[in-house]
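Enquirer: got a predicted structure here, sequence first:
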Amino acid sequence: MSVSTGSYSPSRISDVYGLMVLDSRGTPTIKAYVETVSGVRGWGIAPSGASKGEHEAVEVRDGGKKWLGKGVERALSNLEDIAAHMIGLDARDQAYIDHLLISLDGTPNKSRLGGNTTTALSIAVARAASYSLGLEPYEYLGGNRANLIPTPLMNIINGGVHAGNDLDIQEFMIIPVEADSIKEALRKAVEVYWTLKKLLVEKYGKNSINVGDEGGFAPPLTSTREALDLLVEAISRAGYDPGTDFYLGLDAAASQFKDSDKYRIDGKVLDADQLVEFYLGLLDEYPVKYLEDPFAEDDWHHFVELTKRVSTKTLVTGDDLYVTNTKFLEKGIKLAATNAVLVKINQVGTLTETLEFVDMATRNCLRAIISHRSGDTEDPFIADLAVALGTGLIKTGAPARGERTAKYNRLLEIEFILAGQARYAGRTPFPR
């Protein structure tokens, strides 16, 4: 896309600046602002992950003693340097601006400018363009056909690096598929979440209802089946049918429990072939329709093997495997490594690269899931992005903690704006 020139454009950029804000773990991050000549101000905040893929865009941090090395003054300084290159450009030229950021950075992983800097700026540009045209971000990015409200994957039991318990699997999710609207889906999911809370107190005491990074409970559990049994019981106690009203999902984040060429899970040491059988057993016993990062990010062979054996049952999803990067996705497509991909803007660092990744995935019949990060913020942009792209699925944590509910509240708002045009995805994105 070329830069807009010529007569007055309300979306022409007049100022670019930023400040440090805190994410949901109290870690500094970047909030970027992009102002246009018409007086509107777009903004974006970069989230941060705890479980990161090896090839993700790099966050630029200060080091030293302040903020225990996690400060972002260097990243803010980079933002100031970038501003001179952006002023006078048209915010509608998202691709041009994003490729300018890529060129100014000049590294394969945003390590000079920082993926945290470029992510915040890229989102701010999209908001500035939409606001200058009097549009909601989902309208601007998706057009008139943007009316599919995604089904949420709700992490309500936390394990792995998101919690302080002994669960090796990182996320245990409920997925409300039997509903006519996001409002109804959230009501049912919140009822299950509250029921789970009561159930945990009954079984393990009040200390069991502390929550992890993504708002899910972090009870003193030691096995995968123990957690899945709790989800099934909570769904049933809330008056719903596991497998009909709700599906279940797992984010294994298996890179975190791989040790050399083995996987340590549930007190056992398994080789990759045995881990395949472990997952197949879970899929036979429970209505698990979503399985993310079941193997370490370099274990392509076993992703292929598992996908081949379960693709008609569940979504086998690559996160660390792809890190929202088309280079790795091309390999996954050739190998048929997964049938779904996770999408995180800050893994790759710009909105344009994210859109290219989603386009490549959907053209090759892979389901795309728009996702938050464990260290997230009140920025609900991914809710707009999921509606704009019509992906049908969003992953944004439990119905708790403000940085998580901000996304759900934005989906409720979008559904309200769309009124009768809104469609809830429900079970449609899942294999039958």
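Expert: Cool, the structure landed.
Enquirer: would you state the helices of the stretch 101-250 of the chain in chain order?
Expert: 115-132, 137-142, 182-204, 224-237 (DSSP state H, counting those that start in this stretch).
Enquirer: export these as CSV, with columns for distance to residue 374.
Expert: Where C-beta positions appear, they are placed from N, C-alpha and C, glycine not excepted. Shown next, in CSV, are the helices of the stretch 101-250 of the chain (distance: least, Cβ to Cβ, whole Å):
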stretch, distance to residue 374
helix 115-132, 15
helix 137-142, 23
helix 182-204, 18
helix 224-237, 18
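Enquirer: just those helices: most buried one?
Expert: By mean neighbour count, with neighbours taken as mean count of other Cβ atoms under 10 Å, helix 115-132 ranks first of the helices of the stretch 101-250 of the chain at a mean of 28.
Enquirer: circling back to that earlier point, of the helices of the stretch 101-250 of the chain, which approaches residue 308 most closely?
Expert: Evaluated over the helices of the stretch 101-250 of the chain, closeness to residue 308 peaks at helix 224-237, with 22.2 Å, by Cβ to Cβ.
Enquirer: let me see the mean pLDDT of the closest one.
Expert: What helix 224-237 shows for mean pLDDT is 97.
Enquirer: pull the CA atoms of that helix into PDB?
Expert: Output in PDB follows, covering the C-alpha atoms of helix 224-237 (Å, rounded to 0.1, in the frame of the first residue of the first chain):
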ATOM      1  CA  THR A 224      -4.500 -33.400  34.400                       C
ATOM      2  CA  ARG A 225      -7.500 -35.700  35.000                       C
ATOM      3  CA  GLU A 226      -8.100 -34.200  38.400                       C
ATOM      4  CA  ALA A 227      -8.500 -30.800  36.800                       C
ATOM      5  CA  LEU A 228     -10.700 -32.100  34.000                       C
ATOM      6  CA  ASP A 229     -12.900 -33.900  36.400                       C
ATOM      7  CA  LEU A 230     -13.400 -30.700  38.300                       C
ATOM      8  CA  LEU A 231     -14.500 -28.900  35.100                       C
ATOM      9  CA  VAL A 232     -16.900 -31.600  34.200                       C
ATOM     10  CA  GLU A 233     -18.400 -31.600  37.700                       C
ATOM     11  CA  ALA A 234     -18.700 -27.800  37.800                       C
ATOM     12  CA  ILE A 235     -20.500 -27.800  34.400                       C
ATOM     13  CA  SER A 236     -22.900 -30.400  35.600                       C
ATOM     14  CA  ARG A 237     -23.600 -28.800  38.900                       C
END
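Enquirer: relative to the whole chain's centre, how far out is it?
Expert: With Cα atoms, centre = their mean, to the nearest Å as the basis, helix 224-237 stands 24 Å off its chain's centre.
Enquirer: swap in stretch 115-135?
Expert: 18 Å.
Enquirer: over to stretch 308-316?
Expert: 21 Å.
Enquirer: over to stretch 336-355?
Expert: Using Cα atoms, centre = their mean, the offset of stretch 336-355 from its chain centre is 9 Å.
Enquirer: residues of that stretch that come out buried?
Expert: Neighbour-count burial for stretch 336-355 flags 337-355 (criterion: 16 or more other Cβ atoms under 10 Å).
Enquirer: what's the answer for stretch 45-62, then?
Expert: 45-53, 55-62.
Enquirer: mind listing which of these are in strands?
Expert: residue 45 (DSSP state E).
Enquirer: domains of the chain?
Expert: Residue ranges for the domains of the chain, per automatic domain parsing: 13-134, 142-424.
Enquirer: in CSV: the ones you listed, plus distance to residue 432.
Expert: Below are the domains of the chain laid out as CSV (distance: least, Cβ to Cβ, whole Å):
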stretch, distance to residue 432
domain 13-134, 30
domain 142-424, 8
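Enquirer: isn't residue 102 up against residue 348?
Expert: No: using Cβ atoms under 8 Å, residue 102 is not in contact with residue 348; the gap is 9.9 Å.
Enquirer: quick one: stretch 352-363 to chain centroid distance?
Expert: 15 Å.
Enquirer: go on, stretch 317-337?
Expert: Distance, centroid of stretch 317-337 to centroid of chain: 16 Å (Cα atoms, centre = their mean).
Enquirer: how far does it stretch from start to finish?
Expert: For stretch 317-337, the first-to-last residue distance is 9 Å (Cα to Cα, to the nearest Å).
Enquirer: now it: mean pLDDT?
Expert: Summarised as a single mean, pLDDT over stretch 317-337 is 97.
Enquirer: buried ones in that stretch?
Expert: For stretch 317-337, by 16+ other Cβ under 10 Å, it's 317-326, 328-329, 332-333, 337.
Enquirer: and for stretch 8-26?
Expert: 9-13, 16, 18, 21, 23-24.
Enquirer: okay if I get those residues as CSV plus distance to residue 372?
Expert: Shown next, in CSV, are these (distance: Cβ to Cβ, whole Å):
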residue, distance to residue 372
9, 33
10, 31
11, 28
12, 32
13, 28
16, 25
18, 21
21, 16
23, 11
24, 10
